[in-house]
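K.L.:
Quick one: sequence and predicted model below, then my questions.
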Amino acid sequence: MNFLAHFYLSGNQENIILGNFMGDFVKGNPFKKYPAPLATAIQLHRQIDIFTDSHPKVKESIALIRPLCGRYAGVASDMFYDHLLAKNWERYHTLSLPKFSANMYSVLQSNVGLLPERAQQTLFYMVKHNWLVNYAKIEGMRTALSNLEKRIRYNAPLEKSADLLESQYLSFENHFLSFFPELQLFVKDFLVEHKIED
């Protein structure tokens, strides 16, 4: 899953929001570097990624993308699923997507000193270009994929994958709508197991 899904799955606690965002930017054992609440949230991020990558419906999506994007099919799938979450946002949250996004930006900006340098840089561009809201539009997703394509080391037509999303939209959406409730339950169980109440 990408940024929007990780934020959504974090609930309302600042430590969980922060740690779940930091998950892509922290290597090794987070308990050696951060207080327990943040470290647990970083672990949550990693567990979300493991659950996602191993899910049969996600694998079906990746299989559709792999002929075009090769090793970056999973990256494109994560982006597609953020778009599908944004597009179906009213199914999952009572706040509007713009309001929810503004809340997430505020939490991160208020705690920017806790973020690794790369996370701070990502946050700057996320807020500047309002990534979370723009994920809801195909053109916004195309722009995000294009920008990502420019940053990766290997050639992968990520921008062109937006055409694949459009042409096989119902397949990707069905995969997402089947998968996401199971991910929600997985996260709920994780939070209960680790005695984290929302």
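P.N.:
Yep, that arrived.

K.L.:
which other residues reach stretch 141-151?
P.N.:
Around stretch 141-151, the neighbours that count as contacts under CB atoms under 8 Å, 6 or more residues apart in numbering are 75-76, 79-80, 82-83, 129, 131, 134-135, 156-159, 161-162, 165. Just so you know, the C-beta spots here come from the backbone N, C-alpha and C atoms, and that holds for glycine as well.

K.L.:
Buried ones among those residues?
P.N.:
Using 16 or more other CB atoms under 10 Å as the burial test, those include 75-76, 79-80, 82-83, 131, 134-135, 156-159, 161-162, 165 as buried.

K.L.:
May I ask which of these comes out lowest in pLDDT?
P.N.:
Ranked by pLDDT, these bottom out at Ala156, which has 81.

K.L.:
What backbone torsions are found at the closest residue to that residue other than its chain neighbours?
P.N.:
Counting by CB to CB, 6 or more residues apart in numbering, Tyr72 is the residue found nearest to Ala156 once chain neighbours are left out, at 4.1 Å. Main-chain torsions, Tyr72, degrees, to the nearest 10: phi -100, psi 10.

K.L.:
where along this structure do the helices fall?
P.N.:
Assignment of helices within the chain using DSSP state H yields the ranges 3-8, 14-22, 36-54, 56-69, 73-87, 97-110, 117-128, 131-134, 138-151, 161-167, 169-193.

K.L.:
circling back: quick one: which of the buried ones among the contacts of stretch 141-151 is nearest Tyr105?
P.N.:
Closest approach between the buried ones among the contacts of stretch 141-151 and Tyr105, by CB to CB: Trp131, at 9.7 Å.

K.L.:
what's the burial count for Gln13?
P.N.:
17 (other CB atoms under 10 Å).

K.L.:
thinking it is in contact with Ile196, fair?
P.N.:
Yes. Judged on CB atoms under 8 Å, Gln13 makes contact with Ile196 at a distance of 7.2 Å.

K.L.:
Count the neighbours of Ala136 for me.
P.N.:
If we define neighbours as other CB under 10 Å, then Ala136 has 20 of them.

K.L.:
Next, find the distance separating it from Met22.
P.N.:
Ala136 sits 24 Å away from Met22 when distances are taken as CB to CB, to the nearest Å.

K.L.:
Next: Ser161.
P.N.:
Distance from Ser161 to Met22, by CB to CB: 27 Å.

K.L.:
now Ile65
P.N.:
From Ile65 over to Met22 (counting by CB to CB), the distance is 27 Å.

K.L.:
got the contact list for the nearest residue to Gln184 once chain neighbours are set aside?
P.N.:
Leaving aside its sequence neighbours, Gln184 sits nearest to Leu9 (CB to CB, 6+ apart; 7.2 Å). Contacts for Leu9 (CB under 8 Å, 6+ apart) come out as 1, 20, 44, 48, 183-184, 187.
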